[in-house]
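**Student:** structure, please.
(chains A, B and C)
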Amino acid sequence: MVDLILSYRTLTKLNSTYLEALPKQIDLHTKRLHTSYHQAVTATGRLSSSNPNLQNIPIRSELGARIRGAFIAGKDRVIIAADYSQIELRIMAHISQDANLLNAFKNDQDVHSATASTMFQVAIDEVTKEQRRRAKAINFGLIYGMSAFGLAKQIDVSRTEAKEYIDAYFENYPGVAQYMEDTRESAKIQGYVETVMGRRLYLPQINAKNKMLQQHALRTAINAPMQGSSADIIKKAMLDVHDWIGSNNDDIKMIMQVHDELVFEVKADRVDEFAHKIQDLMENAYLLDIPLKVDVGTGSSWQEAH
DNA sequence: CTCAATAGCGCG
DNA sequence: AAAGCGCGCTATTGAG
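**Tutor:** Numbers count the residues shown, from 1 in each chain, chains lettered A, B, ... in the order given. Just a heads-up that it's a prediction; the model follows:
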C-alpha cells in the first residue's frame, strides 16, 4: 500500500507540474518556453526562476529524465550543458585551507571516495559503495551544517554511529572543523558572513535567545559562504561568457542557468569549438587555490547533454 | 470566485 | 521542540 501511494505521488507530481503545465506556457510567437530569472530574491545570491521554474526540471529519476529529454535544440542546433563539478566542496577546501581536502582536489580525486578512504582507513580503490554513500552524505551534510541526528536519519544508522562518523571526519579534516568553528564565532561577533567576493549575508538571529532561531542562523552561517560563493563564481562566468559571445553572434545563445550549470543552444557545426571555449571560461572565471572543474556535455536534447 | 496557509516534492 | 542549506509549483483546505 505504501509503495503504491509513493508511486502515485511521483506520477501525479510529474504529470501536473510538468507534463500538463509546461506546454500551456509555450510562447505563441517564439514557440518556446521563456522563464523569468530573478536577481534579488534569494538570501545567498543565487538566481531564482519562475513562470515557469526551469531550475527544477526533473532528471534524478528515469521517468524524470524523459521530461528533460523534451527540451530539444532547434534545427541545425545542439544543446551544450556545462556544469561545475563539486563547486561547493571546492570552495570549502579553498576557504578552510584544509590540507587533506585541498589535496584531494589537487589530485583530481573522486572527493566522496577520498573522504570515505580517509574516514574508514581503507585504500581509495577499495572503498565500498556503502562507504562512499555514507561519506557523500557527510560531505553534503557538512555544507548544510547538519547534526549527528540529521546524518543518522539520512543514512539510516544510529545517532551514536553518526556521531562517530562526524568525529572521524573532523579528526581527518581538522581544517574544516576549524573553519566551522571560526565561521560560527565570527558570525556571532560581526552579525554577518561573506562570500569569497566579499558579498555579505546578515544574520540578525545569530544571537537570538530562541535557540531554534539561533541554530537555524548558525546553519545558514555555515552554508551561505559556500552556496553564495558558488553563486558569485557562476555569475562572473556568465558575464565572461556574455562578453565573449558579443552582440552579434547568431551561432550561440546562453539559454539557461541552473545554479552550477549553464545551458547553451549552438550551431551544430561549431559545437566542439564552443564547448571547449565555454569550459575554459567557466573554469577560469575565478581563481581558487585549487582548480575549478567543469563537465561539458552535448546532445540534441538537454537530457542527452548530461 | 479569490486569497492565504500548508503539505509535499521537483531541482541544485 | 527541533534536528539539513537555497528555491518555486501544485493540490488541498478554509475563510470571505
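**Student:** how far away from the center of its chain is stretch A:173-185?
**Tutor:** Centre-to-centre, stretch A:173-185 and its host chain are 21 Å apart (C-alpha atoms, centre = their mean, to the nearest Å).
**Student:** to clarify, my last question referred to stretch A:141-149.
**Tutor:** The mean C-alpha position of stretch A:141-149 is separated from the chain mean by 16 Å, C-alpha atoms, centre = their mean.
**Student:** equivalent analysis for stretch A:242-251, please.
**Tutor:** Worked out by C-alpha atoms, centre = their mean, stretch A:242-251 lies 27 Å from the chain centre.
**Student:** mind listing the strands for the stretch 201-306 of chain A?
**Tutor:** Remark: strands assigned in the stretch 201-306 of chain A by DSSP state E, counting those that start in this stretch are A:252-257, A:261-267, A:294-299.
**Student:** just put the ones you listed in TSV and tack on distance to residue A:26.
**Tutor:** For the C-beta atoms, the positions are set from N, CA and C on the backbone; glycine is no exception. Output for these, formatted as TSV (distance: least, C-beta to C-beta, whole Å):
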stretch	distance to residue A:26
strand A:252-257	15
strand A:261-267	16
strand A:294-299	21
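**Student:** looking at the ones you listed, which is buried most?
**Tutor:** Among these, the stretch with the highest mean neighbour count (mean count of other C-beta atoms under 10 Å) is strand A:261-267, at a mean of 21.
**Student:** okay, now the residue of the stretch 101-250 of chain A found nearest DNA strand C: neighbour count?
**Tutor:** Of all residues in the stretch 101-250 of chain A, the one sitting closest to DNA strand C is residue A:150 (2.1 Å; C-beta to the nearest atom of the strand). Neighbours of residue A:150 under the rule other C-beta atoms under 10 Å: 16.
**Student:** return the backbone torsion pair for the residue most central in space within chain A.
**Tutor:** Within chain A, one residue has its C-alpha closest to the average C-alpha position: by C-alpha atoms, centre = their mean, that is residue A:260, at 5.2 Å. Phi and psi for residue A:260, reported as degrees, to the nearest 10, are phi -130, psi 20.
**Student:** just give the nearest non-adjacent residue to it, would you?
**Tutor:** Nearest-residue entry for residue A:260: residue A:84, 4.4 Å, with adjacent residues in sequence omitted and distances by C-beta to C-beta, 6 or more residues apart in numbering.
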